[in-house]
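Need the 3D shape of this:
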Amino acid sequence: MPLPHGSIEQSPTGLRIVIEREVAFGLEEIWNAFTTPEGLEPWVGVLRGNREAGNLRFSMVEEGKEAEPATLEIIRCRAPHELAFTTNSEYGAWHLGLELSRQDGVSSIRFIQELGLTDDPSSIGPGWEYYVQRAIVSLEGDDVDSVKWDDYYPALAATYATAPE
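Got it, this is the predicted structure:
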């Protein structure tokens, strides 16, 4: 079982899941892996459209099957340090964020999801642990399919089952 790298935190709007990882890659490499079609495709899905035209769409891909696309709206972008965005799909609106920093040759990744009242953090948290690990494996040039869903869920569900006090 992988060790958890995330937690549930209080936020100004309620609760959020935060996954934190440290890696040796540069900020631009990480930024590209999380924000470009070429970077996202190996580990999570397909990004289509154009930000300037306001028609960004994202589809997760699992076992070669592309999910129904979600619309993607960028709320804040300060490349290569901060991205806040919302996806709207059949599952509702998800408010997500990415924060990158670098110090002494080590880059820090903070991946964030603001939780809605009906969101189940015990399934969402392990999911983001899984996908962030896939992103890191992709950056390393290794096989993302070596990261197994069953190692993350339900094994890490308890980590996200209780809110902070």
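
now the residue lying closest to Asn88 once chain neighbours are set aside, what's its secondary structure?
Among residues not flanking Asn88 along the chain, Thr71 sits closest, at 4.8 Å (C-beta to C-beta, 6 or more residues apart in numbering). For the C-beta atoms, the positions are set from N, CA and C on the backbone; glycine is no exception. With DSSP: H, G, I helix; E, B strand; the rest coil as the basis, Thr71 sits in strand.

ok, now how distant is Thr71 from Glu140?
Per C-beta to C-beta, to the nearest Å, Thr71 is found 31 Å from Glu140.

Compare those two (neighbour count), which wins?
It is Thr71, of Thr71 and Glu140, that has more neighbours when counted by other C-beta atoms under 10 Å, with 15 against 12.

mind checking pLDDT for that one?
Predicted confidence (pLDDT) for Thr71: 96.

Tell me what it is bridged to.
Arg57, Asn88 (DSSP bridges).

List the neighbouring strands of the longest strand along the chain plus their orientation.
Criterion DSSP state E: the longest strand present in the chain is strand 92-103. Next to strand 92-103 in the sheet, as set by DSSP bridges, lie strand 82-89 (antiparallel), strand 106-114 (antiparallel).
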